[in-house]
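Peer 1: return atomic coordinates for the entry below.
(2 chains)
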Amino acid sequence: MDFRPSHDQRALIAGMRTLLSARFPREKLREAVDAEVPETTLDRSLWRELGTCGFFSLRLAEKDGGAGLGLPESVFLFEEAGRHLLPGPLVATHLAAGLIPGVAEGETVVTALEGPGMVEHLAIADVVLVLDGDRGCLGVLEVTDGHGPSVLAGRPVRSVDPTTPLHHVVSTPEGARALPGAGVGGGGLAGDDAARLLREAALLTAAQQLGSAGRTLDMAVSHAKNRRQFGRPIGAFQAVQHLCAQMLARTELARVSVYAASLTATEIDIAGARLLADEAAVRNARDCLQLHGGMGFTWEADVHLHLKRAWLRRAQWRPTEDAEESLARALLATPGESPGENREPFE
Amino acid sequence: MDLDRTAEEEEFRRGLRAWLDATLPELPPKPSPDDWPARRAYDCAWQRALYDAGYAGLHWPADSGGRGALPGKHLIFLEETERAGAPYVGANFVGLLHAGPTIATEGTAAQRARWLPPILRGEEVWCQGFSEPDAGSDLASLRTRAVRDGDAYVVTGSKIWTSHAEVADWCELLVRTGPPDSGRRGLTWLALRMDAPGVTVRPLRTLAGSAEFAEVFLDGARVPLSHRVGAENDGWRVTMVTLSYERGTAFAGEVVACRRTLVRLARAARENGRWDDPALRRRLGRLNAEFGALWRLVQWNTSEAEAALRAGGDGVPGVGASVFKLRYSHARQELYDAAADVLGPLSLDADHEWTTGRLTSLAYTIAAGTSQIQRNIIAERVLGLPKGR
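Peer 2: Just a heads-up that it's a prediction; the model follows:
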């Protein structure tokens, strides 16, 4: 057992950080925030570059043009994306790589409809993954060939997160066709495959939340060291120190949960990772905002962007209540505890 | 990055499981919580059984009487013993989890040979003499004096919150050898014999009603110079080693135990109908996530300790231990608060196991460094914030 990221994994993380710092620096983020047309928040050339770097194809086999890497590596990349608030339907597109042509290369943007509710980046998306929650299967809807988003009867709303345009969709559309290579369940990817994709979606969302939580912690600590009041850095006051300490504890608990879930990929580990990462992202952003005082309440500071994205991600790919109920059920499913009834307590 | 176990480790797990399955049914009944001598005898007999079977001091160095395994193997031991419902370390808590690891790290060869094997064999029990009535969180302000007299220190003062003092043979004792205002620079770590003349123990009753700890009065008690661990006036550094073990690894087994309790809570709730309340269910679900994450943190910290050992380090848990201590102590209290909700009116029955658990859980955010002190440590030593006031 060596739970720490390997040398190669650390190099991958550093590479992603370098790429995003160069191609999606703060100025780009702020340009996206203030874009007059929300659709332009997604930079197609950057999307293609992500494709070229293997962001979407990472886990495809090498013979299929991928890097043959696993969930842990995807989690590291999504954590960095979350740190940098990289916009776009990253999870849906990553999951669709290998299933839909052009996705792995970054040519095709894929968003998702998880049932009636909000859909991100619908106007720019080429394809919509459609989740039929009742049947637990995924279908696909192409929106480029003249149908446009009208097929979904979606109404654009002014999104709370300025870099994630949203449509409110009230009903699941007819006409979703099967994902290529699937066809089970009457028009969708079903059964074990669909369940696996949904687990992965929840985990990669958690990874983005983890990245955001780490970033708001860094922002808070940096501000606490530099901002002076009463003749000293505010970070010398225990009230401020303890807020920061709680932020670190949340981040580290979320980190080990997300990393472990990327190794085991079990339903329960992912549900737990999701709860802790959602909480870390939302609570850290709140504490970071508080710590920045009046500045934290401005449009100019980046803190609100993390909070708003964290709220949005928390609502995607596995609601909190669902994860909590799932973890509760697992307690009853744990076999008895008398000696001889062998079972790992945590594996 | 992996959580894999080697074939050798899995073989170890199977062997331990078989031994536990054969051994546990033969154990005598647990003694009454109020009968300290009986508790000591029970805990030491269990430790002796572990020793005879080759399971004592798994990750202690061989020259300390241990078996020299990496800390990861000890995690398997904790998982399996808790799973099987084996006895807990009990009266051997300080010896096995604080004083022992400290002596293994900081003691001389002679000290390791003298003190560590009896701990592993369950023959000698230790207690902790750090806190004083006027030195709790501000430990470095302690005033118990040790003055050299020939080949011994003469110790005068008093210690408080000393668990197992009534039945202990030895006390890990932190004393002032420097001037009164010397702070951290004037402290020394000693091993005191509890039957030395001048040592008086007065039990203290906890809010749970039992005498779990005591006050220890020291009136000219003599400690040979050879019973000093580390250099004179270097006791603060030695103490930090002790506290790192206390916060980093001493509670690891309890996380597994808490998870078992959580499973029992869920079953009790299903039986008495409380399970139908979604708010309670979801609360138990969140606790499941929290204890799962705490175990992952133990695995993470263990991996870091193993890597440090392989690089030639001493394997002392890092400051990340404070993150674990902070979250674990809080989670344990949440667990027993949830238990009270499951129990309903029965939670007011002080004899119910979970009510006792709820009462004793209140100590966790205070003992081994309060939550506030842990946050100070994280802020200053992990995050590098300016020293607070």
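Peer 1: does chain B sit close to the longest helix anywhere in chain A?
Peer 2: The longest helix of chain A (DSSP state H) is helix A:191-226. Yes. Interface with chain B: helix A:191-226 contributes A:V221, A:A224, A:K225 (C-beta under 8 Å from any C-beta of the partner chain). (Glycine included, C-beta is placed from N, CA and C.)
Peer 1: which other residues reach the next helix or strand after that helix?
Peer 2: Remark: after helix A:191-226, the chain's next helix or strand is strand A:228-229, criterion DSSP states H and E. The contact list for strand A:228-229 (C-beta atoms under 8 Å, 6 or more residues apart in numbering or on different chains) reads A:I234.
Peer 1: avg pLDDT for the helix or strand just after strand A:228-229?
Peer 2: Per DSSP H and E, strand A:228-229 leads on to strand A:232-233 as the next helix or strand towards the C-terminus. Mean per-residue pLDDT for strand A:232-233: 96.
Peer 1: what's the following helix or strand after strand A:232-233?
Peer 2: helix A:238-264.
Peer 1: does chain B sit close to the helix or strand just after that following helix?
Peer 2: Using DSSP H and E, the helix or strand that follows helix A:238-264 in sequence is helix A:267-291. Yes. With C-beta under 8 Å from any C-beta as the criterion, chain B is reached by helix A:267-291 at A:I268, A:D269, A:A271, A:G272, A:A273, A:L275, A:L276.
Peer 1: who are the packing partners of helix A:267-291?
Peer 2: helix A:191-226, helix A:238-264, helix A:293-296, helix A:303-314, helix A:320-333, helix B:278-310 (3 or more C-beta pairs under 8 Å, 6 or more residues apart in numbering or on different chains; DSSP states H and E).
Peer 1: what do you get if the cut-off is 10 Å, keeping everything else the same?
Peer 2: Applying 3 or more C-beta pairs under 10 Å, 6 or more residues apart in numbering or on different chains; DSSP states H and E, one finds that helix A:267-291 contacts helix A:71-83, helix A:191-226, helix A:238-264, helix A:293-296, helix A:303-314, helix A:320-333, helix B:278-310.
Peer 1: surely B:L385 and A:V240 touch.
Peer 2: Yes. Between B:L385 and A:V240 a contact is recorded at 7.7 Å, counting by C-beta atoms under 10 Å.
Peer 1: what residues are shared contacts of these two?
Peer 2: Listed as contacting both B:L385 and A:V240 by C-beta atoms under 10 Å, 6 or more residues apart in numbering or on different chains are A:V221, A:A224, A:P233, A:I234, B:A379.
Peer 1: spell out which parts of the stretch 1-150 of chain A neighbour chain B.
Peer 2: A:1-6, A:8-10, A:70, A:72-73, A:75-76 (C-beta under 10 Å from any C-beta of the partner chain).
Peer 1: show me how chain B divides into domains.
Peer 2: If you go by automatic domain parsing, the domain ranges for chain B are B:7-125, B:127-233, B:251-382.
Peer 1: quick one: the shortest one near chain A?
Peer 2: No. Remark: domain B:127-233 sits outside contact range of chain A, by C-beta under 10 Å from any C-beta, the gap being at least 12.0 Å.
Peer 1: sorry, back to before: format the domains of chain B as CSV; extra columns: mean pLDDT.
Peer 2: Listed next are the domains of chain B as CSV, based on pLDDT from 0 to 100:
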stretch, mean pLDDT
domain B:7-125, 93
domain B:127-233, 96
domain B:251-382, 93
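Peer 1: quick one on the thing from earlier: in a markdown table: the helices and strands packed on helix A:267-291, plus mean neighbour count and distance to B:R193.
Peer 2: Putting these into a markdown table (neighbours: other C-beta atoms under 10 Å in any protein chain shown; distance: least, C-beta to C-beta, whole Å) gives the following:
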| stretch | mean neighbour count | distance to B:R193 |
| --- | --- | --- |
| helix A:71-83 | 25 | 52 |
| helix A:191-226 | 23 | 47 |
| helix A:238-264 | 24 | 39 |
| helix A:293-296 | 13 | 57 |
| helix A:303-314 | 22 | 57 |
| helix A:320-333 | 19 | 47 |
| helix B:278-310 | 22 | 32 |
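Peer 1: and of these, who's closest to B:L20?
Peer 2: Smallest distance to B:L20 across the helices and strands packed on helix A:267-291 (C-beta to C-beta): 19.4 Å, for helix B:278-310.
Peer 1: I'd like to know which elements the closest one is packed against.
Peer 2: If contacts are counted by 3+ C-beta pairs under 10 Å, 6+ apart, helix B:278-310 sits against helix A:238-264, helix A:267-291, helix A:320-333, helix B:71-83, helix B:235-248, helix B:252-272, helix B:321-343.
Peer 1: does the shortest one come close to chain A?
Peer 2: Translated: helix B:71-83. Yes. With C-beta under 10 Å from any C-beta as the criterion, chain A is reached by helix B:71-83 at B:G72, B:K73, B:L75, B:I76, B:L78, B:E79, B:E80, B:E82, B:R83.
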